[in-house]
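A.B. asks: Give me a 3D structure for the following:
(one chain, ligands or ions: 1)
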Amino acid sequence: MSDDNGSVDVLVIGAGPSGCAAGVVLARAGLRVRVIDRASFPRPKVCGDALSNRAIAIIGALGAGDALAAAPHADVLGALALLPDGSSIPRDYGAARGMIVGRLDLDALLVRALVASGAELREGVAADDLVVEGGAVVGARVGATVMRARAVLAADGPGSVATRALGVAKPRGRGLAISATAYYEGVTGALREGWSEHWFDPSLPYGYGWIFPAVEGVANVGVYLRRDGYDARGVALGALFERFLEQHRDRFAGARRVGAVRTWQLPLSDLGVRVGMPGLLTTGDAGRHVDPLTGEGIWQALRTGEIAGEVCAEAMRAGALDDAAVRRYRWRVAREVDAPATVRGRIQDGMQALVASGLYRRPELQALLKWGYGSGALEVSKSVAG
Ligand SMILES: Cc1cc2nc3c(=O)[nH]c(=O)nc-3n(C[C@H](O)[C@H](O)[C@H](O)COP(=O)(O)OP(=O)(O)OC[C@H]3O[C@@H](n4cnc5c(N)ncnc54)[C@H](O)[C@@H]3O)c2cc1C
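C.D. replies: Numbers count the residues shown, from 1 in each chain. Purely as a prediction, here's the structure:
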């Protein structure tokens, strides 16, 4: 095996939201950064396409705010949590609007910001494995060559190449969610124009079905549920998606599906999981940070990418990305991302109990839910202010 010419300070694997955020921070810190992605941009990504207000803020900080505003999008003014008896709980976002932006566009504009920051991007290049020497990650194997770096950030989504080096088990049970989504044009009867709809139903345990505001006439529609609930229910994901459409057949009567129904997995936030080792940090879906209650993962990918970039740059100025730096990263990510998500996982358990038992109809519990969602304390939507 030969070494790739020109070793760099940091090798980032994956140029999705997380890898781009990390790459921009590292390049701005003056480090030589190479970001590789097995795909070439623009590339599609299975997603609900919802950006929260806090995700939009990071995209602006990465230098892509104008490009985001110019991309095809829908503003999201608020979210409705809809309960099985037809009652609804509104959450008005006010000034903290969200957006729906297709990932083909979003990820392409992030990659442009990455290149503008001075990072080197290599597309169509897949990492096969990490190279570990003396207990530290020193690069990645790409076909017959080794790309060496003083540090590696794995931002390569679920099924990351880092899993093996870290010795972590694949997520399952309550650590994983699954989702099916498709685009439809001609969906009618939005309950509130410009608002996201999250439909709770006993057929989607620990999850919900969504209909999002249309972008240029095309709406993102999908179902999301936690893996343990899915396994216990024993109905195929495709059938659950069809059932959701059937429940809203009046809305889809004149609608046409654009493209295929696509399914994918979401690794949910896990405080206990190992997120790095000497020479390596994992970020975004590769490090498992998706919010269990909402399925939001883009902000988490951007934010963990930023934090990893900051911790890595600081550690390299001091010498190397060592155990102490990994602990600093774990601590910052736990505090900002994983600890709040753990609480929200408990809220999800409570919500599931209320929906499955029908207890949500009791006036005192309805009042609690209305207060919680309306105030944002039990945020269910994908737009979260701060
Ligand atoms: C159906 C569904 C709906 C969702 N809806 C929403 C939503 O509405 N809002 C929200 O905030 N989140 C949503 N999420 C979650 C969100 O999509 C992810 O959390 C987010 O994309 C994670 O970003 P990332 O950069 O970590 O990984 P990714 O976006 O997956 O990017 C990883 C990149 O790494 C590359 N890569 C992978 N392996 C390799 C390799 N070996 N070598 C080189 N490159 C590699 C890939 O090509 C890809 O470009 C949804 C997820 C799903 C599945």
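A.B. asks: just checking, what packs against the helix or strand hosting residue 369?
C.D. replies: Assessed by DSSP states H and E, residue 369 sits inside helix 363-375. On a contact count with 3 or more Cβ pairs under 8 Å, 6 or more residues apart in numbering; DSSP states H and E, helix 363-375 meets strand 88-92. In short, each C-beta sits where N, CA and C put it, glycine included.
A.B. asks: pLDDT of the helix holding residue 369, averaged?
C.D. replies: Averaged across helix 363-375, the pLDDT comes to 76.
A.B. asks: That helix: how far from the chain's middle?
C.D. replies: 27 Å (Cα atoms, centre = their mean, to the nearest Å).
A.B. asks: Is the residue nearest to residue 279 when sequence neighbours are not counted bridged to anything, and to what?
C.D. replies: Nearest residue to residue 279, sequence neighbours excluded (Cβ to Cβ, 6 or more residues apart in numbering): residue 137, at 3.6 Å. As for beta bridges, residue 137 partners with residue 132 under DSSP bridges.
A.B. asks: Quick check, residue 137 in contact with residue 281.
C.D. replies: No - Residue 137 lies out of contact with residue 281 (Cβ atoms under 8 Å); the separation is 9.4 Å.
A.B. asks: shared neighbours of the two, which are they?
C.D. replies: Taking Cβ atoms under 8 Å, 6 or more residues apart in numbering as the criterion, residue 137 and residue 281 both touch 151-152.
A.B. asks: more neighbours, these two?
C.D. replies: The neighbour comparison of residue 137 against residue 281 (other Cβ atoms under 10 Å) goes to residue 281, with 33 against 25.
A.B. asks: on that earlier part again, and the pLDDT at the residue nearest to residue 279?
C.D. replies: At residue 137, the pLDDT value in this model is 98.
A.B. asks: ok, it - contacts?
C.D. replies: 130-131, 151-152, 165, 277-280.
A.B. asks: at 7 Å instead, please
C.D. replies: Listed by Cβ atoms under 7 Å, 6 or more residues apart in numbering, the contact partners of residue 137 are 130-131, 152, 165, 277, 279-280.
A.B. asks: By neighbour count, which of the residues you listed wins?
C.D. replies: residue 152 (30 neighbours).
A.B. asks: how far away is that one from residue 286?
C.D. replies: Distance, residue 152 to residue 286, by Cβ to Cβ, to the nearest Å: 11 Å.
A.B. asks: try residue 10
C.D. replies: Counting by Cβ to Cβ, the gap from residue 10 to residue 286 is 15 Å.
A.B. asks: cool, residue 86 as well?
C.D. replies: Computed with Cβ to Cβ, the distance linking residue 86 and residue 286 is 40 Å.
A.B. asks: Which residue ranges of the stretch 101-250 of the chain form helices?
C.D. replies: 103-116, 162-166, 227-233, 237-247, 249-252 (DSSP state H, counting those that start in this stretch).
A.B. asks: roughly how far is the longest one from the heart of the chain?
C.D. replies: In other words, helix 103-116. The answer for helix 103-116 is 16 Å, by Cα atoms, centre = their mean.
A.B. asks: for it, which positions count as buried?
C.D. replies: Of all the residues in helix 103-116, those buried under the rule 16 or more other Cβ atoms under 10 Å are 103-107, 109-115.
A.B. asks: which strands and helices sit next to it?
C.D. replies: With contacts defined as 3 or more Cβ pairs under 7 Å, 6 or more residues apart in numbering; DSSP states H and E, helix 103-116 has these neighbours: helix 17-28, helix 65-70, strand 120-123.
A.B. asks: anything in that helix sitting right up against the ligand?
C.D. replies: No - Helix 103-116 lies out of reach of the ligand by Cβ under 6 Å from any ligand atom, never closer than 6.7 Å.
A.B. asks: Restrict that helix to CA atoms and write it as CSV.
C.D. replies: What follows is helix 103-116, C-alpha atoms only, in CSV (Å, rounded to 0.1, in the frame of the first residue of the first chain):
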residue,chain,number,x,y,z
ARG,A,103,-30.7,18.5,0.3
LEU,A,104,-29.6,18.5,-3.3
ASP,A,105,-29.4,22.3,-3.0
LEU,A,106,-28.4,22.6,0.7
ASP,A,107,-25.5,20.3,0.6
ALA,A,108,-24.2,21.8,-2.7
LEU,A,109,-24.2,25.3,-1.2
LEU,A,110,-22.4,24.0,1.9
VAL,A,111,-19.8,22.4,-0.2
ARG,A,112,-19.2,25.7,-2.1
ALA,A,113,-18.7,27.4,1.3
LEU,A,114,-16.3,24.7,2.2
VAL,A,115,-14.2,25.3,-0.9
ALA,A,116,-14.4,29.1,-0.4
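A.B. asks: Now tell me what touches it from outside.
C.D. replies: Counting by Cβ under 7 Å, 6+ apart, 15-17, 20, 23-24, 35, 41-45, 47, 49, 62-64, 67-68, 71-72, 121 sit against helix 103-116.
A.B. asks: Of those, select the buried ones using a PyMOL command.
C.D. replies: Buried residues among the contacts of helix 103-116 (16+ other Cβ under 10 Å), as a PyMOL selection:
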select buried, resi 15+16+17+20+23+24+35+41+43+45+47+49+62+63+64+67+68+71+121
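A.B. asks: and the contacts of helix 103-116 near the ligand, which?
C.D. replies: 15-17, 45, 47, 49.
A.B. asks: Tell me the one among the residues you listed nearest to the ligand.
C.D. replies: Taking Cβ to the nearest ligand atom as the measure, the ligand lies nearest residue 16 of these, at 2.2 Å.
A.B. asks: Near the ligand, which residues of the protein are found?
C.D. replies: 13-19, 36-39, 45-50, 126-127, 155-157, 161, 179, 181, 222, 264, 266, 284-286, 290, 295-299, 301, 382.
A.B. asks: Give me the buried subset of those.
C.D. replies: 13-19, 36-39, 45-50, 127, 155-157, 161, 179, 181, 222, 266, 284-286, 290, 295-299, 301, 382.
A.B. asks: Looking at those, which are in strands?
C.D. replies: Of those, the ones assigned to strands by DSSP state E are 13, 36-37, 50, 179, 181, 222, 266.
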